[in-house]
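>>> Provide a 3D model corresponding to the input given below.
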Amino acid sequence: MKTADAIRRARRTLEAGLSRLTGAPAEPGPTRARRALDVGRNALALLGLAVIAAALVFVAHPERREQAEADALQWLQTRELARLDAHAEPPAVALSPDPEPEPDAVARATAADPSELGAEQARVATWISRRYRVAPEPVARLVQEAWAVGQAARLEPTLILAVMAVESSFNPFAQSSVGAQGLMQVMTRVHDSKYEPFGGVHAAFDPVTNLRVGVQVLKDCVRRFGGVQGGLRCYVGAALLEHDGGYAAKVMHEQQYLARVARGERVSPHVRRTPPPAPRPAVPLPEAAPRLDEAAVDPTPAPDSTAAVTATVALADAE
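Down below sits the predicted model:
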């Protein structure tokens, strides 16, 4: 008991000495605790405001949210790989040596430097890269090829790129359930002869070759059916069908975006990929049939019987 009293007296003496040195009265314990609590509350409030501000930024800019998600996923994958490597057992046998250098391997890559493109092609390549989440270098090469081949075939390069976008979303290894393959989803077994100059049907998975063969097929369809709309229906195999499932409308809708981007207009890469539904035609309302009571009523007013009698009497008196 005496020890506790001595501790309390020493504490009061120390607080009084500190107050004399600093010129401020000593604060009791509850006041300091309250201040610490206020500081904690303010810190949590600032943290909440920061979270809300970040959420508003991500909502207003979807591309930033997607980039943050990709960065977070990459960070998690890196940490997981590092953890697995740390716990991995050493191999029982020596690994194979490094592969021999092959400086010419870059010649097999379908890629080009986007900075070497013209302004029109560079805008289109950048927009496609952001819209379809593909690397800009391969897209730059495809845009170059679309401009060159389109000029030779007298087809708009934006139409060629729109077909690639709708058919494969710029996946050079895509394959449909019916066997269409590559960027332009060419039916390889149907157009195998077109791949012979390129070494065989396996060239369908070379992006540039697939683009060139696809343009040949599209050009033949446009020439055969006299226009882009009919040519697109032929390209998708719906030339003799009543409907093409909206394919031609999708391609032309995407081409409009690409043409606007090529002209330098600002188009968000997140615009819808399908055209808006066409408005339904207004159905005329049937005319209302005349009511029976209205049809039976004679609109001509009936003559006044009293006036007719008076006129008859007056005529008799005159005679």
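
>>> how far is stretch 223-237 from where the chain is centred?
Computed by CA atoms, centre = their mean, to the nearest Å, the chain-centroid distance of stretch 223-237 equals 27 Å.

>>> distance between the ends of that stretch?
With CA to CA, to the nearest Å as the measure, stretch 223-237 spans 15 Å from end to end.

>>> and that stretch, what's buried?
Residues of stretch 223-237 classed as buried under the neighbour-count rule (16 or more other CB atoms under 10 Å) are Phe225, Val228, Gly230, Gly231, Leu232, Arg233, Cys234, Tyr235, Val236. Any C-beta I mention is one placed from the backbone N, CA and C, and that applies to glycine too.

>>> and what of stretch 112-121?
Buried residues in stretch 112-121 (16+ other CB under 10 Å): Ala112, Pro114, Leu117, Gln121.

>>> which ones are touching Thr31?
Listed by CB atoms under 8 Å, 6 or more residues apart in numbering, the contact set of Thr31 is empty.

>>> so it belongs to a strand, correct?
No: secondary structure of Thr31 (DSSP: H, G, I helix; E, B strand; the rest coil): helix, not part of a strand.

>>> gap between it and Leu37?
According to CB to CB, to the nearest Å, Thr31 stands 11 Å off from Leu37.

>>> tell me what the one helix or strand Glu69 maps to is packed against?
With secondary structure defined by DSSP states H and E, Glu69 is part of helix 62-87. Other elements packing on helix 62-87 under the criterion 3 or more CB pairs under 8 Å, 6 or more residues apart in numbering; DSSP states H and E are helix 29-60.

>>> before we move on, back to that, who's in contact with the helix or strand just after the helix holding Glu69?
Heading C-terminal from helix 62-87, the first helix or strand you meet, by DSSP H and E, is helix 119-132. With CB under 8 Å, 6+ apart as the test, helix 119-132 has contacts from 63, 114-115, 117, 134-136, 139-140, 143-144, 147, 158, 161, 165, 169-170, 257-258, 261-262, 264, 267, 269-270.

>>> please apply the same query to stretch 165-185.
With CB under 8 Å, 6+ apart as the test, stretch 165-185 has contacts from 110, 128, 131-132, 134, 139, 142, 163-164, 186-189, 204-207, 210-211, 213-215, 217-218, 247, 250-251, 254, 273.

>>> give me the buried entries from these.
By neighbour count, with 16+ other CB under 10 Å, those hold 110, 128, 131-132, 134, 139, 142, 163-164, 186, 188, 204-207, 210-211, 213-215, 217-218, 247, 250-251, 254 as buried.

>>> please flag which of those residues sit within helices.
The subset of the buried ones among the contacts of stretch 165-185 located in helices under the criterion DSSP state H comprises 128, 131-132, 139, 142, 163-164, 207, 210-211, 213-215, 217-218, 247, 250-251, 254.

>>> helix/strand/coil for the spatially most central residue of the chain?
Nearest to the mean C-alpha position of the chain, counting by CA atoms, centre = their mean, stands His270 at 3.6 Å. Following three-state DSSP, the label given to His270 is coil.

>>> look up the closest residue to it, ignoring the ones flanking it.
With sequence-adjacent residues excluded and distances taken as CB to CB, 6 or more residues apart in numbering, His270 is closest to Pro62, at 5.9 Å.

>>> do you know how far that neighbour is from Ala53?
Noted for Pro62: a distance of 17 Å to Ala53, by CB to CB.

>>> the residue nearest to the centre of the chain and Leu56, how far apart?
According to CB to CB, His270 stands 17 Å off from Leu56.

>>> next: Pro99.
Pro99 is 49 Å from Leu56, by CB to CB.

>>> the more surrounded of those two?
Under the criterion of other CB atoms under 10 Å, the comparison of Pro99 against Leu56 puts Leu56 first, with 10 against 6.

>>> and the pLDDT at that one?
For Leu56, the model assigns a pLDDT of 79.

>>> kindly report the same for the one 4 residues further on.
According to the prediction, Ala60 has pLDDT 76.

>>> can you check Asp298 too?
50.

>>> got any ranges where the protein has weak pLDDT?
For the chain, applying pLDDT under 70 flags the ranges 1-4, 6-7, 10-11, 14-30, 32, 88-97, 278-319.

>>> what is the nearest of the buried residues of stretch 112-121 to Lys194?
Closest approach to Lys194 among the buried residues of stretch 112-121 (CB to CB): Ala112, at 24.4 Å.

>>> list the contacts of that closest one.
Counting by CB under 8 Å, 6+ apart, Ala112 touches Glu137, Ala140, Arg141, Gln144.

>>> now swap in Pro269 and tell me
Contacts of Pro269 (CB under 8 Å, 6+ apart): Glu63, Trp127, Arg130, Arg131.
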